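Trainee: Build me a structure from this.
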Amino acid sequence: MDREAAFKALADCRARIDALDLRILELINERTRIVEQIGRLKRRLNLPIYEPRREDEVYANVTAHNGGPLSAEAVRRVFERIIDEMRTVQRIRMEEEQGQGRRSDS
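Mentor: Below you'll find the model as predicted:
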């Protein structure tokens, strides 16, 4: 492969990555909407945001279905970060709803 062909191949790979990033973003936002719903249900049921057993189930699910090339440890780290952000979303939404509830009680 000559230099020009290598640059074209690099640009093609980057374009594919950009498209995949947008799909990943779409899926993360879809996951976030479901997490918001879970947060509302947890608040109604007076359940904690942090549920280590459920998080372990998520890690077990994604690592068991991982076909690579990412290692199980790498997949777990990615999902640890996603779950951490989702916990933050739940906490913020629950706090917002509690604030709205207090205003409507006044």
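Trainee: Can you report how many residues lie near the residue nearest to Val78 when sequence neighbours are not counted?
Mentor: In space, and not counting its chain neighbours, Val78 is closest to Leu70: 7.6 Å by CB to CB, 6 or more residues apart in numbering. Backbone N, C-alpha and C define where each C-beta goes, glycine included. Using other CB atoms under 10 Å, Leu70 has 13 other residues around it.
Trainee: Now Leu70: which helix or strand?
Mentor: If you go by DSSP states H and E, Leu70 is not part of any helix or strand.
Trainee: Let me know the helix or strand that the one residue sitting closest to the centre of the chain is in.
Mentor: Geometric centre of the chain, nearest residue: Ile82, 3.8 Å, by CA atoms, centre = their mean. In this structure, Ile82 sits in helix 72-105 according to DSSP H and E.
Trainee: next one: the host helix or strand of Tyr59 to chain centre, how far?
Mentor: For Tyr59, the host element (DSSP H and E) is helix 52-64. When C-alpha coordinates are averaged (CA atoms, centre = their mean, to the nearest Å), helix 52-64 and its chain have centres 13 Å apart.
Trainee: tell me which helix or strand of the chain sits lowest on mean pLDDT?
Mentor: helix 72-105 (a mean of 86; mean pLDDT, DSSP states H and E).
Trainee: If I take that one and helix 52-64, what angle do their directions form?
Mentor: If you take axes from the mean of the first three to the mean of the last three CA atoms, to 10 degrees, helix 72-105 sits at 140 degrees to helix 52-64.
Trainee: For helix 72-105, list every residue counted as buried.
Mentor: If you call a residue buried by 16 or more other CB atoms under 10 Å, then helix 72-105 has these buried ones: 75-76, 79, 82-83, 86-87, 89-90, 93-94.
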